[in-house]
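**Student:** everything below, folded, please.
(chains A and B)
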There are 2 protein chains.
Amino acid sequence: MASQSPRTFTKSEALMSRARNVVLNGIYGHQSPGLLTQGEYPSFLARGEGCRIWDVDGNEYIDFMCSYGPIVLGHRHPRVEAAAKAQMDRADCQNLPGEIWTELAELLVGITPWAGWTAFAKNGSDVTTWSLAVARAHTGRDKIIMAAGAYHGIGAWCTPSGAGITPSQKADVLTFTYNDLQELQRVAAENAGKVAGIILTPFRHEAFHDSEMPAPGFLQGVRDLCDREGIVFILDDVRAGFRLSLEGSGDYFGVQPDITCYCKALGNGYPIAAGLGRDELRPAAESVFFTGSFWTAAVAMAAARATIETLRDEGGIQRMEAMGTRLRKGLDQQARSLGLDIHQSGPPAIPFLTFVGDAVFEKNRMFCGECARGGVFFHPHHNWFLSAAHGEKDIDETLNVTEAAFKVVKERFGA
Amino acid sequence: MASQSPRTFTKSEALMSRARNVVLNGIYGHQSPGLLTQGEYPSFLARGEGCRIWDVDGNEYIDFMCSYGPIVLGHRHPRVEAAAKAQMDRADCQNLPGEIWTELAELLVGITPWAGWTAFAKNGSDVTTWSLAVARAHTGRDKIIMAAGAYHGIGAWCTPSGAGITPSQKADVLTFTYNDLQELQRVAAENAGKVAGIILTPFRHEAFHDSEMPAPGFLQGVRDLCDREGIVFILDDVRAGFRLSLEGSGDYFGVQPDITCYCKALGNGYPIAAGLGRDELRPAAESVFFTGSFWTAAVAMAAARATIETLRDEGGIQRMEAMGTRLRKGLDQQARSLGLDIHQSGPPAIPFLTFVGDAVFEKNRMFCGECARGGVFFHPHHNWFLSAAHGEKDIDETLNVTEAAFKVVKERFGA
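**Tutor:** Presented below is the predicted three-dimensional model:
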């Protein structure tokens, strides 16, 4: 039945069995291999180059997860690696920042028309959680509105798991259904004068769900509500940032927030996060204590500058859009010719595919498992990512694999 | 009056003036130059090598802040840099961890007699905040006891600033005075059956305060209380870890916690944090959602392994103790011969000096400012750090500078 001969994961399995002894769940969090198709994916990776990755057993994959977002130019991009290594040969983590601190801040503020300042951190969760404190300090109000089910990181206020979290840590966080402007307006009205901020991802992209683009007028409606009520509009661009527009995903969707949170793709895999904000929020933001041991380290900043400049100089955003569109068209054609009912969602550079009616993702796990076996690394429950290293030949090679995988799904489940 | 001719900070000042436009407070957080002696310190650093650092204007310093802890082997240690670069040439941040994930976990658990498992993160705050969730999940209780004024990071539950933090975010956090076992026992008794965890630094080391070693019997008293009441004993070893004992600072002080939080020195400046815990906490810890975009990245893990192995192979812990003792003796002798009343506190590898009766740190700002001018980077309000790169000649050169600085303090303030 398999479209390709099975790959072996001997080294992966040995490492995983050792890891289970000494690490929580062997591998915990979003990279837990239990979230992938059992038996078809490795548990450990050894190497990356451009859009290709190799697992510890030597199996090769075209990578459509891009490390769950960070790899936006391709693995080990020469310009980024050269910038990082040149900085490493001087200094990384010191008692004070390096010159790159100021230069990267100028670059980020310079490409973001509405922003007056930035602050750097390490995790997406660092900046999303901090953005709430800035909104609260600015408004003197306590309540925050977020979309139900949205993923904004591991802060106690939003973590998807309740384990170890007390009710009081989640107090003052209200929810509404993404894209339901009326419900949002109702929640805001019921809490008039008490809402500090509304935090949103630029489109709906949580795992185990089709991605959902903002409905016409939705984001502008949020902007208007925030302006009317003095609420801080926070855009959580951790996942989508630097794939849709260099000015931020608000620009792509035609809206300007008050604070934007960046992380994943900012440094092409080097660990860095950033918050950007409007000038009128500066006094509040400066009053919030925000720091970490490695936050002024220069290597990730040098990588971030090289990443942004390369995306800009080489038209990386346009390339991801074009290659994502090529992939989407091919998948659509294949499914249609086989009579398979699929749903593709999200922007082309951050695509996702589900099978219509496949409520528990059974078909998708088989489809993605077959693709992994054929050398294409998708994810059955989480949106995918293009990088600027994906070219036409990579997409066409991918489509050869997906065609065989679709056929296996059809054989097993019918059209 | 100055012991040395003044240094110039032309480039630092120009970078700082640009940074003020585009970054919160120019530089925010613990590295804010406003916390150092005005006019005597740079704002930006360019390079590091061993125990020496150079600012952007080319001024050289012997570094006793070690990047506020991370640099434990010296800047750009050859073995760490080689390990990091070798890993960079394969992969860093991927869809899954690399082999080093398992290997580093085995190493950490192997050197920590009481620990059964580990989990990796990026910030000290990541692991201290997570440790509370583990304690709460394990006990089914909500309350946490910490020492008043202790620094455990920027989590809402403990951040030293109230700006942007709501009362409910700090609910369930109780305090007592570090080293006051009776007060701790009283707080625990008043909340009998409700306390999930007690979190402590191994010695008292918050800024703007003399360091304070644990009083005889204090840590054992905490251990006994936790055992008696089923409370999780959390050691926040973020700042002290890997400078006092490779088994953790609990070992140095003769106590075994239930969870230890590591960060700063673990990767010699490469960004990594780790939590270690006892086997009986594993189910609770596995239930807590804990993840971040860069947490499985391999380069910082390769650096961490090289750091631990180098500390072990080259007796780094003993060397820091010896060099810190040499510094302390020299400072003591100088102050005594000048009739200056100083107080030295903390373990020799993490020393601190204050002038007795210098309540607002006026003398200390002058002393440290004079030292900076002479090429020694201390801090007037925050404990210092030795690294294994400090040698006898570096300490003796430092003592030449401190002698002149003590004389300036005496001239200005009298004995």
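
**Student:** what's near enough to touch whichever residue of the stretch 251-400 of chain A sits closest to chain B?
**Tutor:** Chain B sits closest to A:Thr291 of the stretch 251-400 of chain A, with a gap of 2.6 Å, by Cβ to the nearest Cβ. The way it works is simple: take the backbone N, C-alpha and C, and place the C-beta from them, glycine included. By Cβ atoms under 8 Å, 6 or more residues apart in numbering or on different chains, A:Thr291 lies in contact with B:28-31, B:154.

**Student:** right, and the pair among those with maximum separation?
**Tutor:** The span of the contacts of A:Thr291, defined through Cβ to Cβ, is set by B:Gln31 and B:Ile154 at 13.6 Å.

**Student:** so if I had to pick from the two, which one is more boxed in?
**Tutor:** In this view B:Gln31 and B:Ile154 are compared by other Cβ atoms under 10 Å in any protein chain shown, and B:Ile154 has more residues nearby, 26 against 22.

**Student:** tell me who's in contact with the closest residue to the more buried one other than its chain neighbours.
**Tutor:** In space, and not counting its chain neighbours, B:Ile154 is closest to B:Ser125: 4.9 Å by Cβ to Cβ, 6 or more residues apart in numbering or on different chains. The contact partners of B:Ser125, by Cβ under 8 Å, 6+ apart, come to A:292, B:152-155.

**Student:** need those in CSV (columns: secondary structure and pLDDT).
**Tutor:** Below are the contacts of B:Ser125 laid out as CSV (DSSP: H, G, I helix; E, B strand; the rest coil; pLDDT from 0 to 100):
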residue, secondary structure, pLDDT
A:Gly292, coil, 98
B:His152, coil, 98
B:Gly153, coil, 98
B:Ile154, coil, 97
B:Gly155, coil, 97
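
**Student:** top of those residues by neighbour count?
**Tutor:** Each of these was scored for neighbours by other Cβ under 10 Å, and B:His152 scores highest at 28 neighbours.

**Student:** could you tell me the phi and psi values at A:Gln256?
**Tutor:** Phi and psi for A:Gln256, reported as degrees, to the nearest 10, are phi -110, psi 120.

**Student:** equivalent analysis for A:Val109, please.
**Tutor:** Dihedral pair for A:Val109: phi -70, psi -40, per degrees, to the nearest 10.

**Student:** what is the mean pLDDT for stretch A:98-117?
**Tutor:** Across stretch A:98-117, the average pLDDT comes to 98.

**Student:** also stretch A:236-245?
**Tutor:** For stretch A:236-245, the mean pLDDT works out to 98.

**Student:** what sits against the residue nearest to A:Ala388 when sequence neighbours are not counted?
**Tutor:** With Cβ to Cβ, 6+ apart as the criterion, A:Ala388 has its nearest non-adjacent residue at 3.6 Å, and that residue is A:Gly316. By Cβ under 8 Å, 6+ apart, A:Gly316 lies in contact with A:72-73, A:310, A:388.

**Student:** ok, now how distant is A:Gly316 from A:Ala273?
**Tutor:** Per Cβ to Cβ, to the nearest Å, A:Gly316 is found 20 Å from A:Ala273.

**Student:** quick one: the contacts of A:Thr291 as CSV, columns for secondary structure and distance to A:Val232 too.
**Tutor:** Output for the contacts of A:Thr291, formatted as CSV (DSSP: H, G, I helix; E, B strand; the rest coil; distance: Cβ to Cβ, whole Å):
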residue, secondary structure, distance to A:Val232
B:Tyr28, coil, 19
B:Gly29, helix, 21
B:His30, helix, 26
B:Gln31, helix, 27
B:Ile154, coil, 19
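
**Student:** between the residues you listed, which sits nearest A:Asp358?
**Tutor:** Nearest to A:Asp358 among the contacts of A:Thr291 is B:Ile154, at 41.8 Å by Cβ to Cβ.

**Student:** can you pull out the strands in chain A?
**Tutor:** A:45-49, A:52-55, A:60-63, A:117-121, A:143-147, A:173-176, A:195-200, A:232-236, A:259-262, A:273-277, A:342-345, A:352-355, A:376-377 (DSSP state E).

**Student:** looking at those, which is buried most?
**Tutor:** Ranked by mean neighbour count under mean count of other Cβ atoms under 10 Å in any protein chain shown, the strands of chain A are led by strand A:259-262, which reaches a mean of 30.

**Student:** can you pull the residues of the stretch 251-400 of chain A lying near chain B?
**Tutor:** A:263-264, A:269-271, A:282, A:284-297, A:300, A:377 (Cβ under 8 Å from any Cβ of the partner chain).

**Student:** swap in 7 Å and give it another go.
**Tutor:** Counting by Cβ under 7 Å from any Cβ of the partner chain, the stretch 251-400 of chain A comes close to chain B at A:263-264, A:269, A:271, A:285-297, A:377.

**Student:** what's the spacing between A:Cys371 and A:Met65?
**Tutor:** Counting by Cβ to Cβ, the gap from A:Cys371 to A:Met65 is 12 Å.

**Student:** so for those two, which sits in the more crowded spot?
**Tutor:** When A:Cys371 is set against A:Met65 and neighbours are counted by other Cβ under 10 Å, the residue ahead is A:Cys371, at 28 against 22.

**Student:** do you know the pLDDT at A:Gly414?
**Tutor:** pLDDT, A:Gly414: 89.

**Student:** ok, how many other residues are close to it?
**Tutor:** For A:Gly414, using other Cβ under 10 Å, the count is 8.

**Student:** A:Gln220 touches A:Val255, doesn't it?
**Tutor:** Yes - under the contact definition of Cβ atoms under 7 Å, A:Gln220 touches A:Val255, with a separation of 6.0 Å.
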